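*Asks:* Build the 3D model from these lines:
(one chain, ligands or ions: 1)
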Amino acid sequence: MVAMDGPSGTGKSTVSRKLATKLGAGYLDTGAMYRVVTLAVLRAGVDPADAPAVLDVVEKAALGIGTRPDEATVTLDGEDVGAEIRGGAVTTAVSPVSAVPAVRELLVARQREIIDEVLGRVGGIVVEGRDIGTVVSPGAPLKVFLTASAEVRAARRSAQDSAAGRESTVDGARESVERRDRLDSTRAASPLRAAEDAVEVDTSQLNIDQVIVALAELALHRGLLEGCPAEAAR
Ligand code: DC
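*Replies:* Next up, the predicted model:
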């Protein structure tokens, strides 16, 4: 298993999916899980800052999350919400929702079940998030913490938004990235931080393929390819 943590805009999602494909492993996007339950909260008309009401919605939300790196579908009550969870409304509300300790407990338990199931069935999984190496799977054999400068992360986020047809400016993206970093790293429950034994990779000057090569090498050295096709890491 590979735990992939770090703030947004570091290339975490692309890197995690590509690495999983290369290793012949499954993939879990835990940020998407926090986003889906946030969408459920918004659809229920509940204030994201009202923790008890938020928990009530999250307990009842029927979220579905795919674990194939090439097709990680995300559903709420059976409806594909992959695009909607990346929109501005969810992005703004996701930090307060993910700061509710009982919401985290519920989702962390679900994440551990999914990880166990995929490890048993596929033999490997790359899991991306903020607290994978510190809370969800502290025993993960490879923990990676991706970073990048705020400028680079804002530019990447803005390009991503524009490519998806969402309105975006680099200044706006920078504000949003910095606001979310601040909230995610200062919250009381499982704040964003690197595990002590995580390998830190600064992606500011690297393209995705360079990051993948470095990480596949690390995975190979840590014996993470058992059960996966032998040529997968080459
Ligand atoms: O990776 P992302 O931008 O899709 O994550 C959305 C939000 O979910 C992010 O602002 C913080 C939260 N999150 C979290 O608290 N813990 C995780 N393991 C993953 C995401």
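
*Asks:* what's residue 106 in contact with, if anything?
*Replies:* 55, 58-59 (CB atoms under 8 Å, 6 or more residues apart in numbering). All C-beta atoms are positioned from the backbone trio N, CA, C, and that covers glycine.

*Asks:* Name the member of those residues with the most neighbours.
*Replies:* Neighbour counts for the contacts of residue 106 peak at residue 58, which has 24 neighbours (criterion: other CB atoms under 10 Å).

*Asks:* For it, give me its contacts.
*Replies:* 37, 40-41, 97, 100, 103, 106-107 are the contacts of residue 58 under CB under 8 Å, 6+ apart.

*Asks:* any low-confidence regions in the protein?
*Replies:* Residue ranges of the chain with pLDDT under 70: 225-234.

*Asks:* near the ligand, which residues of it show up?
*Replies:* Applying CB under 6 Å from any ligand atom, we find that the chain lies next to the ligand at 8, 30-31, 34-35, 94-95, 98, 129-131, 180, 184.

*Asks:* let's go with 8 Å and repeat that
*Replies:* For the chain, the residues in contact with the ligand (CB under 8 Å from any ligand atom) are 5, 8, 12-13, 29-35, 38, 85-86, 91, 94-95, 98-99, 104, 107, 111, 128-132, 136, 180, 183-184, 187, 190, 192.

*Asks:* Helices - which of these land there?
*Replies:* 12-13, 30-35, 38, 91, 94-95, 98, 104, 107, 111, 180, 183-184 (DSSP state H).

*Asks:* Quickly list what residue 28 is bridged to.
*Replies:* residue 127 (DSSP bridges).

*Asks:* Can you get me a residue count around it?
*Replies:* Using other CB under 10 Å, residue 28 has 27 other residues around it.

*Asks:* got the contact list for it?
*Replies:* 65, 67, 111, 114-115, 118, 125-128.

*Asks:* out of the residues you listed, which are buried?
*Replies:* For the contacts of residue 28, a burial check counting by 16 or more other CB atoms under 10 Å picks out 65, 67, 111, 114-115, 118, 125-128.

*Asks:* would CSV of these with distance to residue 199 be doable?
*Replies:* Listed next are the buried ones among the contacts of residue 28 as CSV, based on distance: CB to CB, whole Å:
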residue, distance to residue 199
65, 26
67, 23
111, 21
114, 24
115, 20
118, 22
125, 18
126, 14
127, 15
128, 15
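
*Asks:* in what helix or strand does the closest residue in space to residue 174 that isn't next to it in sequence lie?
*Replies:* Spatial nearest neighbour of residue 174, chain neighbours left out: residue 154 (3.5 Å); criterion: CB to CB, 6 or more residues apart in numbering. Element membership for residue 154, per DSSP states H and E: helix 150-163.

*Asks:* What are the buried residues along that helix?
*Replies:* 152-158, 160-161.

*Asks:* Then stretch 7-18?
*Replies:* Result for stretch 7-18 [16+ other CB under 10 Å]: buried residues 7-13, 15-18.
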